[in-house]
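Engineer: Take this sequence and fold it.
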Amino acid sequence: MTRARPKTPGRVTPTELKLQAGRPRKQAPPDAVEVVREAAATGASKIGCAMALGTSQDVFNRWLDEDPLLAQAFAHGREKERQTLHAGLFDAAAKGNIVAAMFLLKARHGYQEGQQEGQANRVSINFTIPGAQPLSDFMVIDNADDRTKSVPAKTIERS
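Structural biologist: You can find the predicted model right below:
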């Protein structure tokens, strides 16, 4: 005599018999906003900020998605770094550093020098399509009795 199997799907334990849901997710430390802002302001990337917080890059990306204050701190730190670098580059350009001045002109003001190679060797293809023609200009080919004859379209009556 065979015994009836329980109605649970496969070997999956029903949710009411499970003891716990799993390990809780790792949360950001209380000082994470200040740590991230300072790390990003000194040039740290996302992985550098994650290392400063003692976590992985995946967890740090999750924290950025879940916590708008942390994402804002990261953006503010990056902006502070950009301002510091820009000010240093601007000071160097103002003191006569030609390379810094040229870089700022190109990056911030779209300056381009000389002939642009991308435009000089570019292939240009133009398609010219004829306009519509009247019906009287077309010919109809009739293949009746294995003979081919051309009949002007205006002589064909519409039925």
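
Engineer: low pLDDT regions in the protein?
Structural biologist: 1-11, 14, 20-21, 115-121, 140-159 (pLDDT under 70).

Engineer: for it, which helix is longest?
Structural biologist: helix 68-94 (DSSP state H).

Engineer: Check which residues of that helix are buried.
Structural biologist: 70, 73-74, 77-78, 81, 89, 92-93 (16 or more other C-beta atoms under 10 Å). C-beta: built from backbone N, CA, C; applies to glycine.

Engineer: Going along the chain, name the helices of the chain.
Structural biologist: Going by DSSP H, the chain shows helices at 32-41, 46-53, 57-66, 68-94, 98-109, 117-120.

Engineer: Please identify which of the ones you listed is closest to P134.
Structural biologist: helix 117-120 (42.0 Å; C-beta to C-beta).

Engineer: The longest helix of the chain vs helix 32-41, what angle?
Structural biologist: Interaxial angle, helix 68-94 versus helix 32-41 (axes from the mean of the first three to the mean of the last three C-alpha atoms, to 10 degrees): 20 degrees.

Engineer: Mind putting the helices of the chain into CSV with distance to S136?
Structural biologist: Putting these into CSV (distance: least, C-beta to C-beta, whole Å) gives the following:
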stretch, distance to S136
helix 32-41, 74
helix 46-53, 71
helix 57-66, 68
helix 68-94, 69
helix 98-109, 60
helix 117-120, 46
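
Engineer: Those helices: which one's closest to E16?
Structural biologist: Once those are compared by C-beta to C-beta, helix 57-66 is nearest, at 29.4 Å.

Engineer: picking up where we left off before, so which of the helices of the chain comes closest to K18?
Structural biologist: If we rank the helices of the chain by C-beta to C-beta, the stretch that ends up nearest is helix 57-66, at 24.3 Å.

Engineer: how many degrees apart are the closest one and helix 46-53 in direction?
Structural biologist: 90 degrees.

Engineer: elements contacting helix 57-66?
Structural biologist: Helix 57-66 sits against helix 46-53, helix 68-94, with contacts defined as 3 or more C-beta pairs under 8 Å, 6 or more residues apart in numbering; DSSP states H and E.

Engineer: Could you export those helices as CSV, including distance to P30?
Structural biologist: Converted to CSV, the helices and strands packed on helix 57-66 look like this (distance: least, C-beta to C-beta, whole Å):
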stretch, distance to P30
helix 46-53, 11
helix 68-94, 12
